[in-house]
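> Need the 3D shape of this:
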Amino acid sequence: EVQLVESGGGLVQAGGSLRLSCVASGFTFDDHVIGWFRQASGKEREFVAGITRHFVGTSYADSVKGRFTVSGDHAKKTVYLQMNSLKPEDTAVYYCARQPYGMGRYDLWGQGTQVTVSS
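As a prediction, this is how the structure comes out:
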């Protein structure tokens with residue numbers, strides 16, 4: 001089955017850290033961009049970070065630059081989102097998604113993992 005499964009969410013105090021994982025099954029990352037998105041209650045989904053195919057490049061939303069790091073492990077078919085210096089405004093459901101190279105849109109999404117940052 002082709003799918004993405006996120007894990008690693010939880011409750012953390014402001015200033016703390018979490019590492020989210022996005023595990024792929026049924027396909028490889030070789031021909032895909034992987035993006036992390038989040039959606040807070042009552043707000044639209046927003047882009048957080050992305051990593052290009054073969055893990056050669058990354059991009060970040062301004063709101064998380066310097067605090068979040070996206071990385072990948074081909075052998076484990078996993079993309080990570082390391083989140084440091086967390087703030088209450090980072091509270092959201094976090095999703096990973098894949099974008100086939102050259103397609104220009106994300107075509108497969110995980111189920112999401114909840115991150116809650118207390119003040």
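> Give me the contacts around the helix or strand residue 21 falls within.
Per DSSP states H and E: residue 21 is located in strand 18-25. The contact list for strand 18-25 (Cβ atoms under 8 Å, 6 or more residues apart in numbering) reads 1-10, 12, 34, 36, 76-83, 86, 94, 96, 98, 110, 113, 115. Placement of C-beta: from N, CA and C, glycine included.
> ok, the residue positioned nearest the centre of the chain - contacts?
Nearest to the mean C-alpha position of the chain, by Cα atoms, centre = their mean, lies residue 36 at 2.9 Å. When contacts are counted by Cβ under 8 Å, 6+ apart, residue 36 touches 20, 22, 47-50, 70, 79, 81, 94-96.
> Looking at these, which one is closest to residue 58?
residue 70 (5.2 Å; Cβ to Cβ).
> how far does the strand holding residue 21 sit from the chain's center?
Chain-centre distance of strand 18-25: 7 Å, with Cα atoms, centre = their mean, to the nearest Å.
> Adjacent strands (with direction) for it?
Strand 18-25 has the following sheet partners, assigned by DSSP bridges: strand 3-7 (antiparallel), strand 78-83 (antiparallel).
> State the mean pLDDT of that strand.
Mean per-residue pLDDT for strand 18-25: 97.
> List the pairing partners of whatever helix or strand comes next after it within its sheet, with orientation.
Going down the chain from strand 18-25, the next helix or strand is strand 32-39, by DSSP H and E. Here strand 32-39 has these sheet partners by DSSP bridges: strand 46-51 (antiparallel), strand 92-100 (antiparallel).
> Format the ones you listed as JSON lines; extra columns: mean neighbour count.
Listed next are the strands paired with strand 32-39 as JSON lines, based on neighbours: other Cβ atoms under 10 Å:
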{"stretch": "strand 46-51", "mean neighbour count": "20"}
{"stretch": "strand 92-100", "mean neighbour count": "22"}
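> closest one to residue 60 among the ones you listed?
Of all the strands paired with strand 32-39, strand 46-51 sits nearest to residue 60, with 4.9 Å by Cβ to Cβ.
> now the closest one: how far from the chain's centre is it?
With Cα atoms, centre = their mean as the basis, strand 46-51 stands 7 Å off its chain's centre.
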